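Novice: Show me how the following folds:
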Amino acid sequence: MAIFPTDRRMPGMDVALHADAIAGLFDESFGDITVRECHPYYVRYKPERYAQVQYRLECEGADGRTVPVTAHLALYPPARAAKLAARYGAARGRADSNEQAVYVDRIDGLAQLFPTDVGLPGLRTAASPEAMGRRFQRHLAHAFGGDVRGCRVELVRYKAQKRAVLKFDVAGLAPETVYGKLRNDGAGRLHRIGAAMRRSGVPTPRTLAWWADLGMVIQASGEGARLADLRDTDDYLRWMPEVADALASLHLSRVEGLPRYSPDDEVRDLQDTAAIIGSVLPSMEAFATELCRRLAALLCARDGNVTTTHGSFHDDQVLVGDAGVEFIDTDGAIVGPPHSDVGHFLSYLSAEGCEAGYRLFLDRYLSVGVSSGTEYLLFEAASLLRWATLPFRELRRDWPEQVEGRVLGAAARLRDYERNRTT
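Specialist: This is a model prediction of the structure:
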């Protein structure tokens, strides 16, 4: 896998993606395990400020059994790392317990084993079947037939120090599967916006509880399968018109209390992405920076209609099945340009080379008449650039080629948009 250039303020990045070195680091930092294998699989990075690298470890415990363990390393500039280590009471060099973060001063990082996470302090409780079984019995027994006899917990998604999704199979008189979503902002926004969406008739899973002390909402299981799980199947294409209809219906809904779209926020995201591209792929720095400048000027100059929008609409945020289309992860919903959702969705399709799905979705959405024109090309270009670093984040082996391809794709969509404006 390609290794990106050294970060001058975070020298620990030189070793963070070297599996053998990191295996030794976790081995030294936690006394109850022996790390046999280490596989880095995700990185979130802001040049000269921080990096979060996640790992899958194969560990041998004191009883000789080999178990999989999720771990992460949070890297910062030296002064920032020392300050955070003191704030969170991290052990220095080696932990007495796996429940504690470890400050590894030689690389200026905090090492943590799941479910320890200083950014999500409620995660340890949320990941415990015993603790959650008691909590379900005490606060939500009515949802499971009046009695809870235990629960099984499965980690579904995890972005260290930012968010986590857990699946709970709850055993009761009425067994049921529910989902817990933790956010480092306390999940209050997810609770409020989800409730507002349902009051307005938008199909989205109902929230059963918001536990502020854990920073987590508990939501009922949605109907159907994630559209993303159907990629490369005939069903994926078959659902495109209905997904377009559902998005158009969302755009026609009136949901109270949503924040308004700000082009300044979008521009900041684009500038951050351009900086990351310049750091990890210096050959594309000038091109990405200029593309960001052109997009920013157009986004700030636009003056179009606004509607209720999902805010982060792509095939991983939609459930499809017998009940139709259901939206999930709606905490990013805003009052904004409808073509921002359209362009975002299209950017995922074009990045994955799904031209048939692209045409089916776009043609159907435009035929409904909620919004016309080609502004979707502007937002598709912005989304392609904003998420151009996704292959790097996921540490795909060919990430340099994929990142470059997405940047060039964004430039092509922008040229299409500019050409359409002048004809």
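Novice: Would you tell me which helix is longest in this structure?
Specialist: Longest helix in the chain, counting residues (DSSP state H): helix 399-421.
Novice: Could you pull out the buried residues of that helix?
Specialist: 399-400, 402-407, 409-411, 413-414, 417 (16 or more other C-beta atoms under 10 Å). All C-beta atoms are positioned from the backbone trio N, CA, C, and that covers glycine.
Novice: Likewise for stretch 315-323?
Specialist: Residues of stretch 315-323 classed as buried: 315, 317-320 (neighbour count, 16+ other C-beta under 10 Å).
Novice: got it, and stretch 361-368?
Specialist: Neighbour counts over stretch 361-368 (16+ other C-beta under 10 Å) mark 361-362, 364-366 as buried.
Novice: just curious, which of those is nearest to residue 254?
Specialist: residue 365 (19.5 Å; C-beta to C-beta).
Novice: Tell me how far the closest one lies from residue 226.
Specialist: Separation of residue 365 from residue 226 (C-beta to C-beta, to the nearest Å): 20 Å.
Novice: Among the buried residues of helix 399-421, which one sits closest to residue 302?
Specialist: Minimum separation from residue 302 among those (C-beta to C-beta) is found for residue 417, which lies at 10.9 Å.
Novice: Verify the stated contact: that closest one with residue 379.
Specialist: No: counting by C-beta atoms under 8 Å, residue 417 does not reach residue 379; the two are 9.1 Å apart.
Novice: Just give me how far the helix or strand bottoming out on mean pLDDT in the chain sits from the chain centre.
Specialist: None of the helices or strands of the chain scores lower by mean pLDDT, DSSP states H and E than helix 13-16, at a mean of 86. Relative to its chain's centre, helix 13-16 lies at 23 Å (C-alpha atoms, centre = their mean, to the nearest Å).
Novice: in that helix, what's buried?
Specialist: Applying 16+ other C-beta under 10 Å to helix 13-16 flags 13, 15-16 as buried.
Novice: Nearest to residue 269 among those?
Specialist: Checking these against residue 269 with C-beta to C-beta, the nearest one is residue 13 at 22.0 Å.
Novice: Grab the most central residue of this structure for me.
Specialist: By C-alpha atoms, centre = their mean, the chain has its centre lying nearest to residue 159, at 6.8 Å.
Novice: Look up the closest residue to that residue, ignoring the ones flanking it.
Specialist: Spatial nearest neighbour of residue 159, excluding adjacent residues (C-beta to C-beta, 6 or more residues apart in numbering): residue 44 at 6.9 Å.
Novice: Give me the mean pLDDT for stretch 44-52.
Specialist: For stretch 44-52, mean pLDDT is 94.
Novice: Tell me which stretches of the stretch 101-250 of the chain form strands.
Specialist: Counting by DSSP state E, counting those that start in this stretch, the stretch 101-250 of the chain has strands at residues 102-104, 109-113, 148-159, 163-172, 176-183, 207-211, 216-220, 225-226.
Novice: Which among those strands is found nearest to residue 73?
Specialist: When the strands of the stretch 101-250 of the chain are compared by C-beta to C-beta, strand 109-113 sits nearest residue 73, at 5.0 Å.
Novice: Can you show me the CA trace of the closest one as CSV?
Specialist: Presented in CSV, the C-alpha positions along strand 109-113 are these (Å, rounded to 0.1, in the frame of the first residue of the first chain):
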residue,chain,number,x,y,z
GLY,A,109,-0.6,9.3,20.4
LEU,A,110,-3.3,7.8,22.5
ALA,A,111,-3.7,4.0,22.0
GLN,A,112,-7.1,2.5,22.8
LEU,A,113,-8.7,-0.9,22.6
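Novice: Sheet-wise, list the partners of that strand with their directions.
Specialist: When pairing is defined by DSSP bridges, strand 109-113 lines up against strand 66-75 (antiparallel), strand 102-104 (antiparallel).
Novice: Please enumerate residues in contact with that strand?
Specialist: Here strand 109-113 makes contact (C-beta atoms under 8 Å, 6 or more residues apart in numbering) with 12, 16, 25-26, 29-30, 33, 69-76, 81, 84-85, 88, 90, 98, 101-104, 118, 160.
Novice: Same question for stretch 287-303.
Specialist: Contacts of stretch 287-303 (C-beta under 8 Å, 6+ apart): 263-264, 266-267, 270-271, 273-274, 277-278, 337, 375, 378, 381-382, 385, 388, 407, 410-411, 414, 417.
Novice: Quick check on these: which are buried?
Specialist: Buried among the contacts of stretch 287-303 by 16+ other C-beta under 10 Å: 263, 266-267, 270, 273-274, 277-278, 337, 375, 378, 381-382, 385, 388, 407, 410-411, 414, 417.
Novice: Take those residues and keep only those in strands.
Specialist: Counted as lying in strands by DSSP state E, out of the buried ones among the contacts of stretch 287-303, is not a single one.
Novice: Restricted to helices, list the residues you listed.
Specialist: Per DSSP H, the buried ones among the contacts of stretch 287-303 map to helices at 263, 266-267, 270, 273-274, 277-278, 375, 378, 381-382, 385, 407, 410-411, 414, 417.
Novice: how about the nearest residue to residue 346, chain neighbours excluded?
Specialist: Distances taken as C-beta to C-beta, 6+ apart place residue 380 nearest to residue 346, at 4.8 Å, with adjacent residues excluded.
Novice: residue ranges with poor pLDDT in the chain?
Specialist: 1-5, 423 (pLDDT under 70).
Novice: and the longest strand for it?
Specialist: In the chain, taking DSSP E as the definition, the longest strand is strand 33-46.
Novice: Residues touching that one, excluding its own?
Specialist: Here strand 33-46 has contacts from 16-17, 19-20, 22-24, 26-27, 51-61, 66, 69, 98, 113, 159-160, 162, 272, 275-276, 279-280, 392-395, using C-beta under 8 Å, 6+ apart.
Novice: These in helices, which ones?
Specialist: Of the positions in these, 16, 19-20, 22-24, 26-27, 272, 275-276, 279-280, 392-393 sit in helices, assigned by DSSP H.
Novice: which ones are touching the closest residue to residue 384 other than its chain neighbours?
Specialist: Leaving aside its chain neighbours, residue 384 sits nearest to residue 410 (3.7 Å; criterion: C-beta to C-beta, 6+ apart). Contact partners of residue 410, counting by C-beta under 8 Å, 6+ apart, are 291, 295, 381-382, 384-385, 388.
Novice: how far away is residue 410 from residue 352?
Specialist: Residue 410 sits 15 Å away from residue 352, taking C-beta to C-beta as the criterion.
Novice: if we can go back for a sec, now what about the least confident helix or strand of the chain, what contacts it?
Specialist: Taking C-beta under 8 Å, 6+ apart as the rule, helix 13-16 contacts 4, 6-7, 21-22, 25, 40, 43, 51, 53, 73, 75, 107, 109.
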